[in-house]
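Participant: what's the 3D shape of this:
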Amino acid sequence: MPEVLVIDADGSKLGVMQTHEALRRAVEQQLNLVEVAPNSRPPVCRILDYGKYKYDQKQDQKRKKKNQVIVETKEVKFRPKIEKHDFEFKLNHVKRFLGEGDKVKTTMMFRGRELAHTELGQVMLEKVLGQLEGKVIVEQPPRLEGRNMTMMLAPKPGAWPKKEKVAADKKEKPHTEEDAKLPGEDDDDDEDVADEGEAAASTEESSEDGARA
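Facilitator: Now for the predicted structure:
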């Protein structure tokens, strides 16, 4: 590049000049000539302290990362015939996640013959929405996906008091149906949602029963 547009260390424009002349001016000030806009015509260069320039860039990136809001999607699962206490328990999970600024995927899980009455699941999801009226944005209304009906909710700006998220160093498990499950709640007869840990535990218990017999 034979010519460049030069900006001096104090921010003033020195105009277009030969590259060797721009380098000479930078050396005279014991600074560096740094290309900051290579796609411009002519390219733009600044006379500056390159070490300080890189340091300022890193600090700026740290500030942006610190102020960045990370929105996660949490999932809470329901059953069409869920009892009132269980419903309220899981609804509280939905409210907590929304209060932390996260989106929530509410999933209605159908078993066997329940698939013939998916309207009951939709009524239940609409009941969840009714409990959150005015405080959420429905990004996806209830929609049947295979054996599940899902609805995506996002917190409405300003509708929830600000809450601190649980610190990552506490190593909290991912928030899914397992977190929102009440003690004693049984999903054994739904093979599609049983995880490997549950299957292993079941096998171990059967072995112990056989040994005792």
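
Participant: quick check, pLDDT for Ser202.
Facilitator: On pLDDT, Ser202 comes in at 40.

Participant: one more: the one 3 residues further on?
Facilitator: If you check Glu205, the pLDDT there is 44.

Participant: same check, this time on Asp56
Facilitator: Predicted confidence (pLDDT) for Asp56: 90.

Participant: beta partners for Gln18?
Facilitator: Going by DSSP bridges, Gln18 is paired in beta bridges with Glu3.

Participant: not counting sequence-adjacent ones, nearest residue to the residue nearest to the spatial centre of the chain?
Facilitator: In the chain, the centroid-proximal residue (C-alpha atoms, centre = their mean) is Glu72; its distance is 2.4 Å. Nearest-residue entry for Glu72: Asp102, 4.7 Å, with adjacent residues in sequence omitted and distances by C-beta to C-beta, 6 or more residues apart in numbering. In short, each C-beta sits where N, CA and C put it, glycine included.

Participant: now do the contacts for that neighbour.
Facilitator: By C-beta atoms under 8 Å, 6 or more residues apart in numbering, the contact set of Asp102 is Val71, Glu72, Thr73, Lys74, Pro155.

Participant: can you tell me how far the fourth one sits from Glu133?
Facilitator: Lys74 sits 20 Å away from Glu133 when distances are taken as C-beta to C-beta, to the nearest Å.

Participant: the more surrounded of those two?
Facilitator: Lys74 (21 against 7; other C-beta atoms under 10 Å).

Participant: using the three-state scheme, assign the more buried one.
Facilitator: Three-state call for Lys74 (DSSP: H, G, I helix; E, B strand; the rest coil): strand.

Participant: kindly state the beta-bridge partners for it.
Facilitator: Beta bridges link Lys74 to Val104, judged by DSSP bridges.

Participant: next one: it, what pLDDT does it get?
Facilitator: Reported pLDDT at Lys74 in the predicted model: 92.

Participant: who are the contact partners of the closest residue in space to Lys135 that isn't next to it in sequence?
Facilitator: The spatially closest residue to Lys135, leaving aside those adjacent along the chain, is Ala159, at 4.1 Å (C-beta to C-beta, 6+ apart). With contacts defined as C-beta under 8 Å, 6+ apart, Ala159 is in contact with Gly134, Lys135, Val136.

Participant: name the element Ala159 belongs to?
Facilitator: Of the helices and strands defined by DSSP states H and E, none includes Ala159.

Participant: before we move on, what about Glu139?
Facilitator: Assigned by DSSP H and E, Glu139 falls in strand 136-145.

Participant: contact partners of that strand?
Facilitator: Under the criterion C-beta under 8 Å, 6+ apart, residues 98, 103, 108, 118, 121-122, 125-126, 129, 149-156, 159 lie in contact with strand 136-145.
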